[in-house]
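Student: Next come a sequence and a model predicted from it.
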Amino acid sequence: MGYLSRASKTLKSLKHFSVTHPFPSTFKANPLYTRLNNNNNNDHFGLSNGFCSHSRQNSKENCLDLSQYPTERIRNFSIIAHVDHGKSTLADRLLELTGTIKRGHGQPQYLDKLQVERERGITVKAQTATMFHKHNFHGTDISDVQDQPRFLLNLIDTPGHVDFSYEVSRSLAACQGALLVVDAAQGVQAQTVANFYLAFESNLTIIPVINKIDQPTADPDRVKAQLKSMFDLDPSDALLTSAKTGQGLEQVLPAVIERIPPPPGKSGSPLRMLLLDSYYDEYKGVICHVAVVDGVLRKGDKISSAATGQAYDVLDVGIMHPELTPTGVLHSGQVGYVVSGMRSTKEARVGDTLSHNRSTVEPLPGFKPAKHMVFSGVYPADGSDFEALNHAIERLTCNDASVSVTKESSTALGLGFRCGFLGLLHMDVFHQRLEQEYGAHVISTVPTVPYIFEYSDGSKVHVQNPAALPSNPKQRVTACWEPTVLATIIIPSEYVGPVITLCSERRGQQLEYSFIDSQRVFMRYRLPLREIVVDFYNELKSITSGYASFDYEDAEYQQSDLVKLDVLLNGQPVDAMATIVHNLKAQRVGRELVEKLKQFIDRQMFEITIQAAIGSKVIARETISAMRKNVLAKCYGGDVSRKRKLLEKQKEGKKRMKRVGSVDIPQEAFHELLKVS
Ligand SMILES: Nc1nc2c(ncn2[C@@H]2O[C@H](COP(=O)(O)OP(=O)(O)OP(=O)(O)O)[C@@H](O)[C@H]2O)c(=O)[nH]1
């Protein structure tokens, strides 16, 4: 079951409980606790020495009395790494070690709770879990584990893919340290570099963890040397672990406690908390994840938002342990959740400062707004579903604050939305979540990057939708600019040639070329964003047999020679298929577009011409000859009910088509166009 549904189930059970019984004043009565305790028998807290040990109830209650954790006994840390280097698996092991989840709980990558994360095996949302751990500082002579001081540890598991680095940077705002996980065989990769700098610039204490040392090709010494040469990290500080076999894991939490400083907040100061994330629950409304920087938050308090000035009552407050666990209070330095009756997504702004109502506090710095790299139209597959899609997008954006949404309309597709995403994977994941979590079927238009066009009257416009440009931009446009990125590419040295060729084909400019060690090359390129959003990474992977790693950060705009490419069906332009391309590539892209469309549009009762044009100049053309698609063609004789079934299926398929003029276009045609670069 996905995280959201599990969390909402928990909330539902709490809600139900509060109707039939007074809300539990002690944790003993909490049904969630009962569930955990029953599930775990003696195992839940008895996994190891030094942890919030004992299965007994009062021990759990002791842990959850948050007043016993002054900031000196709190550590907030993230796990950051390149994709697939083992963050989520390491998080699983730490949750098990501390008894927060049962060992062998069933599902690996426990904190990857969304269906899309499980299906794709990637982390998309940062997830926080609170753990309790007993620790004896070096030199302190406390031999009995029971007498050792207990620490509250907030672990934030972060995504590795470049599209989700906004999640990483937001998570780091709640932390004082980070475990930088590096695969012992693959070594430092592009996102290792990017994540290191994110943590470094946030002044976090970085603990290098060389993971997967169980692999036959593991070479921890080589990785240590890379960490030293690239980041000046002391090789003796690196922890060697295998999250798979458990080797070396016992050093991780002691290192977290001893090396990472406690959070700096002051309990006695007025309340200030940072809104880190939010999601929508059917019953409770918006659930906010917060980091309490100063002061104390209690259930029943009245709080207000610095961004909107709106006041709210705190209806519920607690920690993620790892599910929502009410505690009634959060002290400074702690990370947890707050339910405050927010009903709309617009109220929960990530990066907002929440404080006690009417108190005047300096707002926290918040976050840099998300930078949208790719824009695409999102339309309901069936035009009558617009309201349902509107509702679904509103709910989903509450859980994914990095998507921008504005309404738009298209002559071909009707009413819809223009959405801004952090990258193509982000866009893909957003669509998948709309479908899986909200049952919405959508058609998305060709993704575009945000261009700037200057018109002859001197005005400049940001263009996120190619359809917004006049068909012959050359008539009025005097200059145009496109966004660029600074890309980091790390590859084994034998692949340098093909990668340089690929980058030049994509209009890249090499900025740096150096060796990380005897086998691996580090390259920096400036590339137009348009050239990397579509299929660059796949091609890079394929020409390097999967060994390349790639990351990018946004850079400034550069002047460019851009044209609008229109697609016409039977002479009629389809606004949803228009795209902006570099003049030099227009011919090739136009040809590919019409060929793709020819493959995906079925023959119809009349001839269809498909054209790609710049202004009035047609640069590519294909024709689909007339014919009714006979779905019964292969049905020689046979049962009449079988024929009826096929015709019904054809009718059903037609519902999923978009009619542009007189031409029916299947959804897949729109999807396929996304892949043309
Ligand atoms: N041999 C070995 N495999 C491991 C180890 N740790 C993780 N893995 C495997 O590596 C793969 C990726 O692990 P994840 O924990 O999902 O990696 P991640 O860094 O969280 O991935 P993203 O969230 O997509 O960035 C999984 O198949 C794990 O089973 C390890 O110590 N040894």
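Tutor: Received the coordinates, thanks.

Student: Could you check how far the residue of the stretch 451-600 of the chain found nearest the ligand is from A238?
Tutor: Here the residue of the stretch 451-600 of the chain nearest the ligand is S549; by C-beta to the nearest ligand atom that distance is 11.8 Å. The way it works is simple: take the backbone N, C-alpha and C, and place the C-beta from them, glycine included. Distance check for S549 against A238: by C-beta to C-beta, to the nearest Å, it reads 20 Å.

Student: low-confidence ranges in the stretch 101-250 of the chain?
Tutor: Per-residue confidence for the stretch 101-250 of the chain (pLDDT under 70) gives these ranges: 104-124, 138-147.

Student: Whichever residue of it sits closest to the ligand: how many residues sit nearby?
Tutor: Going by C-beta to the nearest ligand atom, the ligand is nearest to G160 of the stretch 101-250 of the chain, at 2.6 Å. The local packing of G160 (other C-beta atoms under 10 Å) involves 26 other residues.

Student: State the helix or strand in which the closest residue to V403 other than its chain neighbours lies.
Tutor: Leaving out its chain neighbours, the residue that sits closest to V403 by C-beta to C-beta, 6 or more residues apart in numbering is T397, at 5.2 Å. T397 belongs to helix 386-399 when assigned by DSSP states H and E.

Student: Could you list the residues in contact with that helix?
Tutor: Under the contact criterion C-beta atoms under 8 Å, 6 or more residues apart in numbering, helix 386-399 has outside partners 4, 125, 277-280, 286, 344-345, 348, 378-380, 403, 405, 414-417, 419, 430, 433-434, 437-440, 442.

Student: hmm, which of those residues are the buried ones?
Tutor: Of the members of those, the ones counted as buried by neighbours, 16 or more other C-beta atoms under 10 Å, are 4, 125, 277-280, 286, 345, 348, 378-380, 403, 405, 414, 416-417, 419, 430, 433-434, 437, 440, 442.

Student: can you tell me the residue of the stretch 351-500 of the chain closest to the ligand?
Tutor: L425 (10.6 Å).

Student: which element is that residue on?
Tutor: helix 424-438.

Student: so what secondary structure elements neighbour that helix?
Tutor: Counting contacts by 3 or more C-beta pairs under 8 Å, 6 or more residues apart in numbering; DSSP states H and E, the secondary-structure elements packed against helix 424-438 are helix 115-120, strand 374-380, helix 386-399, strand 414-421, strand 442-444.

Student: if we can go back for a sec, could you tell me the angle between the helix holding T397 and helix 424-438?
Tutor: Between the axes of helix 386-399 and helix 424-438, defined by axes from the mean of the first three to the mean of the last three C-alpha atoms, to 10 degrees, the angle is 120 degrees.

Student: Show me what secondary structure element comes after helix 386-399.
Tutor: The next secondary structure element downstream of helix 386-399 (using DSSP H and E) turns out to be strand 404-410.

Student: quick one: low-confidence ranges for the stretch 351-500 of the chain?
Tutor: Scanning the stretch 351-500 of the chain for pLDDT under 70 picks out 471-475.

Student: meant to ask about the stretch 501-650 of the chain, not that
Tutor: Counting by pLDDT under 70, the stretch 501-650 of the chain contains low-confidence residues at 627-640, 643, 646-650.

Student: before we move on, back to that, state the phi and psi torsions of the residue of the stretch 101-250 of the chain closest to the ligand.
Tutor: As for G160, its main-chain torsions (degrees, to the nearest 10) stand at phi -100, psi -20.
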